[in-house]
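>>> Any chance you could fold what I've pasted below:
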Amino acid sequence: MYNSKLRTPVVFIIFKRPDTTEKVFEAIRQAKPPKLLVIADGARPGIPGEVEKCAATRAIIDRVDWDCEVLKNYADENMGCKRRVSSGLDWVFNTVEEAIILEDDCLPHPTFFRFCEELLEKYKDDERIMTIGGTNLLVEWKSDIQSYHFSIYFNCWGWATWKRVWNYYDVDMKLWDRPQIRDRVKEIIADKEQYLNRKSKFDLTYHGKVDSWAHQFFFMCLAHSGLSITPSVNLISNIGFTEEGTHTKVVNSPKANLPLQSMTLPLRKPRELAVDREYDLRRYEKFWKQSLLRRIINKGKSLLASS
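Purely as a prediction, here's the structure:
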């Protein structure tokens, strides 16, 4: 499987960072997908040098030198993360039935592509599975007994999905306004503290206070009782934690530059198709759990957003 030819289309989301884009592009080049769909945002007005950075980043795509159909969806003006990525993925899933998706700062291990491709095929008709992720924030989890597990958490740093899933997506997150949907999300998360933590993000996103597309996608997965696959070892390293990053400006973040590991093939499935609650709790406690002060501040922001 490792040496077989990749058949799945790859989506590459780029903007203005030729340095990180170059590294991720080289990883894609080694995988040689038959179809590459590129989504690019335009430069923001009034930012010195950004037009040139966007042009230099796009020029990297013109260096495709393998047998590949390259499709481009380039914005002439800046749309922002929320509208550019969501509209770009609308275009993607009007073009293909499934895809592996990478952003310009998400460096994959070579086995990431085969991991996604095999599981895209395995779960293509299983409505319970909504995403296949490449990031394991704990770096390694039960890799001695299985190749992956199921989580309620979606991570957009290197992932794959199907058109059948994207069809549910709503960038404006209108369902969040329904009490019965909130109750379902609370039931799926099954932990009051984790629910309140995520609720604060969903409130801000719903009221347009966060320039993100990913919170809406995570909410969509929860609202439809969907599961995300997490690999037993980390297959994606986010190399974009710099001042140039949009949402990754904290250079010393514990999530930055996580070590990559190789996925052993053939894949070993978990014993049962159920959420690994222990993993989700440890992930939450390590990266998302907030102090009482921070929760009070976020509660205040949520109240202001809804007023």
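>>> Dump stretch 9-29 to PDB, restricted to CA.
Provided in PDB are the C-alpha atoms of stretch 9-29 (Å, rounded to 0.1, in the frame of the first residue of the first chain):
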ATOM      1  CA  PRO A   9      -7.300  14.200  -5.100                       C
ATOM      2  CA  VAL A  10      -5.400  16.600  -2.800                       C
ATOM      3  CA  VAL A  11      -6.600  20.100  -1.800                       C
ATOM      4  CA  PHE A  12      -3.900  22.700  -1.000                       C
ATOM      5  CA  ILE A  13      -5.000  25.900   0.800                       C
ATOM      6  CA  ILE A  14      -2.500  28.700   0.400                       C
ATOM      7  CA  PHE A  15      -2.200  32.400   1.100                       C
ATOM      8  CA  LYS A  16       1.000  34.400   1.600                       C
ATOM      9  CA  ARG A  17       3.700  32.200   3.100                       C
ATOM     10  CA  PRO A  18       6.000  30.900   0.400                       C
ATOM     11  CA  ASP A  19       8.400  29.400   3.000                       C
ATOM     12  CA  THR A  20       6.000  27.000   4.600                       C
ATOM     13  CA  THR A  21       4.100  26.500   1.300                       C
ATOM     14  CA  GLU A  22       7.300  25.300  -0.300                       C
ATOM     15  CA  LYS A  23       7.800  22.600   2.300                       C
ATOM     16  CA  VAL A  24       4.200  21.300   2.200                       C
ATOM     17  CA  PHE A  25       4.300  21.400  -1.600                       C
ATOM     18  CA  GLU A  26       7.400  19.200  -1.700                       C
ATOM     19  CA  ALA A  27       5.500  16.600   0.500                       C
ATOM     20  CA  ILE A  28       2.600  16.700  -1.900                       C
ATOM     21  CA  ARG A  29       5.000  16.400  -4.800                       C
END
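>>> That stretch: which residues count as buried?
Neighbour counts using 16 or more other Cβ atoms under 10 Å place 9-18, 20-21, 23-25, 27-29 of stretch 9-29 among the buried residues. No exception for glycine: its C-beta is placed from N, CA and C like everyone else's.
>>> Show me those that map onto helices.
Pro18, Thr20, Thr21, Lys23, Val24, Phe25, Ala27, Ile28, Arg29 (DSSP state H).
>>> what about Tyr279, distance to Val139?
12 Å (Cβ to Cβ, to the nearest Å).
>>> The two: which has the busier surroundings?
Neighbour totals were compared for Tyr279 and Val139, and Tyr279 leads with 20 against 13 (other Cβ atoms under 10 Å).
>>> Excluding residues flanking it in the chain, which one is nearest that one?
Trp141 (5.5 Å; Cβ to Cβ, 6 or more residues apart in numbering).
>>> wait, what's in contact with that neighbour?
For Trp141, the contacting residues are His149, Thr230, Ser232, Asp276, Tyr279, by Cβ atoms under 8 Å, 6 or more residues apart in numbering.
>>> pLDDT weak spots in the stretch 1-150 of the chain?
For the stretch 1-150 of the chain, residues meeting the criterion pLDDT under 70 lie at 1-3.
>>> Tell me where it has strands.
Using DSSP state E, counting those that start in this stretch, the strands found in the stretch 1-150 of the chain span residues 10-14, 35-40, 69-74, 98-103, 106-108, 129-133, 148-151.
>>> could those strands go into CSV alongside distance to Val51?
Output for the strands of the stretch 1-150 of the chain, formatted as CSV (distance: least, Cβ to Cβ, whole Å):
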stretch, distance to Val51
strand 10-14, 14
strand 35-40, 13
strand 69-74, 13
strand 98-103, 21
strand 106-108, 24
strand 129-133, 34
strand 148-151, 40
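>>> how many neighbours does Leu265 have?
Neighbour tally, Leu265, other Cβ under 10 Å: 14.
>>> That one contacts Arg114, correct?
Yes - in this structure, Leu265 is within contact of Arg114 by Cβ atoms under 8 Å, at 6.5 Å.
>>> where do the strands sit along the stretch 201-307 of the chain?
Using DSSP E, counting those that start in this stretch, strands in the stretch 201-307 of the chain cover 227-231, 236-238.
>>> Format those as TSV; extra columns: mean neighbour count.
Formatted as TSV, the strands of the stretch 201-307 of the chain follow (neighbours: other Cβ atoms under 10 Å):
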stretch	mean neighbour count
strand 227-231	24
strand 236-238	23
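>>> got CSV for those, with distance to Asp211 too?
Formatted as CSV, these follow (distance: least, Cβ to Cβ, whole Å):
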stretch, distance to Asp211
strand 227-231, 23
strand 236-238, 18
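>>> Among those strands, which comes closest to Trp288?
strand 227-231 (14.9 Å; Cβ to Cβ).
>>> Endpoint to endpoint, stretch 147-165 covers what distance?
One end of stretch 147-165 sits 23 Å from the other (Cα to Cα, to the nearest Å).
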